[in-house]
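Asker: Here is my input, please return the structure:
(one chain, ligands or ions: 2)
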Amino acid sequence: MIGNRIGVAIENAMLQEQYIKSEEKYRTLFDSDPNPIFILDAQNCRILDINQRALDSYGYSREEMLALSFLELGGGDEELAQALRTLSLDKSLLLTKRKHYRKGRRPFFVNINISDAKYGESEVVIASTTDITESVEKETQLIQASKLTTLGQMAAGIAHEINQPLNVIQVCADFFLKMIDRGQPISEEDLKSMAGDIGRNVQRAAAIIQHMRDFARQSGATRSKIDISDPIRDVFKVLGHQLRVHEVELVLELDPNLPPILADHNRLEQVFINLVTNAVDAMDEKRGWPEYDHVEKLLKIRSFLENGFVAVTVSDTGIGMSDEVLAKLFEPFFTTKDIGKGTGLGVCISYGIVKDYDGSIEIESKVGEGTTFKLSFPAARPTEEE
Ligand SMILES: Nc1ncnc2c1ncn2[C@@H]1O[C@H](COP(=O)(O)OP(=O)(O)O)[C@@H](O)[C@H]1O
Ligand SMILES: [Mg+2]
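Answerer: Ligands and ions are numbered 1, 2, ... in the order given. Below is the predicted model:
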């Protein structure tokens, strides 16, 4: 009898010890995970527990961290807040390339994995973050390098766009000098109309230069609500002349009532510049074929709403793509163009940018007939106050 009771007590003590040991084991695993891990209150996202790595990475003390909400680390990321609200039990979700802040508001980029779980009696969210700053920076540099290449290729067209307003101004100046040389008075009406011309053309040249500056600026990996028609229209501020020189007819059918999408204007403009220059190249190449003596060069861009997605198609009447080309299209440095003309980065970089905004690319192409690139992006969800 007594021996039995002692036996139970010993067993209990051993179990307790095991339990404490397994607690320690999990704590050690938790603390030695290479990524920061956060246990959050599912109701309000308050931080309930963190591992050592989270403290090291974010630079807060344990007390400071426990007084924060997970959302504060992301500086009010509305999309994350929405994802956390709608997360259901036993589901996990990956949010990529989010900006987080270390103590002192020092920003860095992370992927965030969140999942719902039970922690004792209460419902919690487990979030872990992976620092991806280095790869985001590399990618930004690559995008910037490709953008500068594009700018270099467009330089002749841009120079032409600026030359035209300069010509108008020169004509006005010549007229004034001629009249003064001849000792003839210039009527007030002429003066007024020419001053108007000069002003308008200075503005036009200034607008082109301003736009080049905006485009050349390095754009970040952040996103905001934009109307997809804006970057499409801006493409032709710099490529308009190129289309005229290459005798390309442009048809723009842009739906004025599209919902906004979450993206970056500058980067999307780069995507459309890549698609448009490829289309022009493909149509030029077709003109070189003897059997296509009088082909029409038609570039058509449409934007529309489709199943809740904002879609854009860019269609050309160019040479089209064979299955071999299609299979390699997205590979970096794949090009069928001559050295110096193609870099083979346009489609690859565009794909990366589109993916960043949760978009997709579909391609339809027929050799000898033409190609259509279709991009789709999820419409931005209205924020609380809308
Ligand atoms: N609209 C198009 N029509 C036909 N071929 C295309 C089209 N867009 C892309 N391609 C093919 O895909 C290749 C890769 O395009 P891209 O990545 O922009 O590099 P690059 O234009 O520098 O060659 C092109 O060389 C071309 O063969
Ligand atoms: Mg290209």
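Asker: give the contact list for the residue of the stretch 201-350 of the chain found nearest ligand 2.
Answerer: For the stretch 201-350 of the chain and ligand 2, the shortest gap (C-beta to the ion) falls at Gly346, measuring 2.9 Å. No exception for glycine: its C-beta is placed from N, CA and C like everyone else's. Counting by C-beta atoms under 8 Å, 6 or more residues apart in numbering, Gly346 makes contact with 146, 274-275, 277-278.
Asker: swap the cut-off to 7 Å and go again
Answerer: Each residue near Gly346 by C-beta atoms under 7 Å, 6 or more residues apart in numbering is listed here: 274, 278.
Asker: Ramachandran coordinates for it?
Answerer: Backbone geometry at Gly346, expressed as degrees, to the nearest 10, gives phi -50, psi -60.
Asker: By proximity to ligand 1, which residue of the stretch 1-150 of the chain wins?
Answerer: Thr149 (8.8 Å; C-beta to the nearest ligand atom).
Asker: Ignoring the adjacent residues along the chain, who's closest to Arg106?
Answerer: Gly59 (7.8 Å; C-beta to C-beta, 6 or more residues apart in numbering).
Asker: all strands of the stretch 251-386 of the chain, in order?
Answerer: Ranges of strands in the stretch 251-386 of the chain, per DSSP state E, counting those that start in this stretch, are 261-263, 298-306, 309-316, 360-366, 370-378.
Asker: now do the stretch 51-200 of the chain
Answerer: Counting by DSSP E, counting those that start in this stretch, the segments of the stretch 51-200 of the chain that form strands are 92-102, 106-119, 122-131.
Asker: Now for Ser365: which residues touch it?
Answerer: Per C-beta under 7 Å, 6+ apart, neighbours of Ser365: 320-321, 326, 371.
Asker: and if we set it to 10 Å?
Answerer: Applying C-beta atoms under 10 Å, 6 or more residues apart in numbering to Ser365 gives the contacts 282, 316, 318-323, 325-326, 329, 371-373.
Asker: Reformat the residues you listed as a markdown table; add pLDDT.
Answerer: A markdown table is the format used below for the contacts of Ser365 (pLDDT from 0 to 100):
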| residue | pLDDT |
| --- | --- |
| Ala282 | 94 |
| Asp316 | 97 |
| Gly318 | 94 |
| Ile319 | 93 |
| Gly320 | 95 |
| Met321 | 97 |
| Ser322 | 96 |
| Asp323 | 95 |
| Val325 | 96 |
| Leu326 | 95 |
| Leu329 | 94 |
| Thr371 | 98 |
| Thr372 | 98 |
| Phe373 | 98 |
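Asker: Give me the buried entries from the residues you listed.
Answerer: Among those, the ones that count as buried by 16 or more other C-beta atoms under 10 Å are 282, 316, 318-321, 325, 329, 371-373.
Asker: can you redo the strands of the stretch 51-200 of the chain as a markdown table with mean pLDDT and distance to ligand 2?
Answerer: Converted to a markdown table, those look like this (pLDDT from 0 to 100; distance: least, C-beta to the ion, whole Å):
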| stretch | mean pLDDT | distance to ligand 2 |
| --- | --- | --- |
| strand 92-102 | 91 | 24 |
| strand 106-119 | 91 | 27 |
| strand 122-131 | 92 | 32 |
